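Q: structure of the sequence below:
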Amino acid sequence: QFKLVARDTQFIAGHAGQSVVVALLLGSLFWKLGVDDFQLRVGLLLFLPTLLAFNNMAEVPVVIHGKLVVQKQKRASFYPILAYVLAVNIAHLPLALFEAVALGSPTYFMSSFVPDSERFVFFILILFLVGMTSAVFFRAISYLVPSMEVGQVLIGPTNVVLGLFGGVMITRLQIPDYFIWAYYLSPF
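A: Sure thing, here's the model as predicted:
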């Protein structure tokens, strides 16, 4: 699985380049936020995980193109499906970690967040987990839908709903009981 990921240089270069460019753009846009810039800090902290989640929509075409091979190998009992899922997710770890570090590091320090190593590592960890969670979620949807178009049509609104119930726009206490499940599903 690592060979398949490494061969897709356009995918890797696109993610890497986008992470660095957007990090520098965000860092310059939110340059040296003051202590009183609470609203800007919250906006930036909401935007970063949302950006990582939407970046992982690129998983849809990759999964759709490889789905027939995986289904054929599953029917032929080449390997258990759990082995494939674990291999794909483990192979995605380095890219997700690079994205989190490349996007989070410049943004964190250029925006004057607290210069504390524990908080910085926690910040990167949250970005990494959101990136991995959204990639896994988008892959799962892609395997369940019949075509790339349907997958992309479903993923956008699903991402928006999960962002809405993430606890920033509407807090957990304000969410009606019949929608509380969405709060616990949201990676935001």
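Q: where does the protein dip in pLDDT?
A: Scanning the chain for pLDDT under 70 picks out 1-2, 4-6.
Q: who does the helix or strand containing Y143 touch, helix- and strand-wise?
A: Per DSSP states H and E: Y143 is located in helix 117-144. Other helices and strands packing on helix 117-144, by 3 or more Cβ pairs under 8 Å, 6 or more residues apart in numbering; DSSP states H and E, are helix 38-55, helix 59-75, helix 81-110, helix 148-164. In this view, the C-beta of every residue, glycine as well, is placed from N, C-alpha and C.
Q: just send those helices back as JSON lines, with mean neighbour count and distance to L173 too.
A: Below are the helices and strands packed on helix 117-144 laid out as JSON lines (neighbours: other Cβ atoms under 10 Å; distance: least, Cβ to Cβ, whole Å):
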{"stretch": "helix 38-55", "mean neighbour count": "17", "distance to L173": "18"}
{"stretch": "helix 59-75", "mean neighbour count": "15", "distance to L173": "33"}
{"stretch": "helix 81-110", "mean neighbour count": "17", "distance to L173": "29"}
{"stretch": "helix 148-164", "mean neighbour count": "16", "distance to L173": "15"}
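Q: now tabulate these in CSV and tack on distance to I170.
A: What follows is the helices and strands packed on helix 117-144, written out as CSV (distance: least, Cβ to Cβ, whole Å):
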stretch, distance to I170
helix 38-55, 13
helix 59-75, 28
helix 81-110, 25
helix 148-164, 7
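Q: so Q18 makes contact with N56?
A: No: counting by Cβ atoms under 8 Å, Q18 does not reach N56; the two are 11.7 Å apart.
Q: picking that back up, out of the helices and strands packed on helix 117-144, which gets nearest to V130?
A: Nearest of the helices and strands packed on helix 117-144 to V130, taken as Cβ to Cβ: helix 38-55 at 4.2 Å.
Q: got the CA coordinates for that closest one in CSV?
A: Extracted in CSV, the C-alpha atoms of helix 38-55 (Å, rounded to 0.1, in the frame of the first residue of the first chain):
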residue,chain,number,x,y,z
PHE,A,38,-10.5,36.2,20.7
GLN,A,39,-12.9,36.1,17.8
LEU,A,40,-10.1,35.8,15.2
ARG,A,41,-8.4,33.0,17.2
VAL,A,42,-11.6,31.0,17.4
GLY,A,43,-12.2,31.6,13.7
LEU,A,44,-8.7,30.4,12.8
LEU,A,45,-9.1,27.4,15.1
LEU,A,46,-12.4,26.5,13.4
PHE,A,47,-11.0,27.1,9.9
LEU,A,48,-7.9,24.8,10.2
PRO,A,49,-9.7,21.5,11.0
THR,A,50,-12.4,22.4,8.5
LEU,A,51,-9.7,23.0,5.8
LEU,A,52,-8.1,19.6,6.6
ALA,A,53,-11.5,17.9,6.4
PHE,A,54,-12.2,19.4,3.0
ASN,A,55,-8.7,18.6,1.8
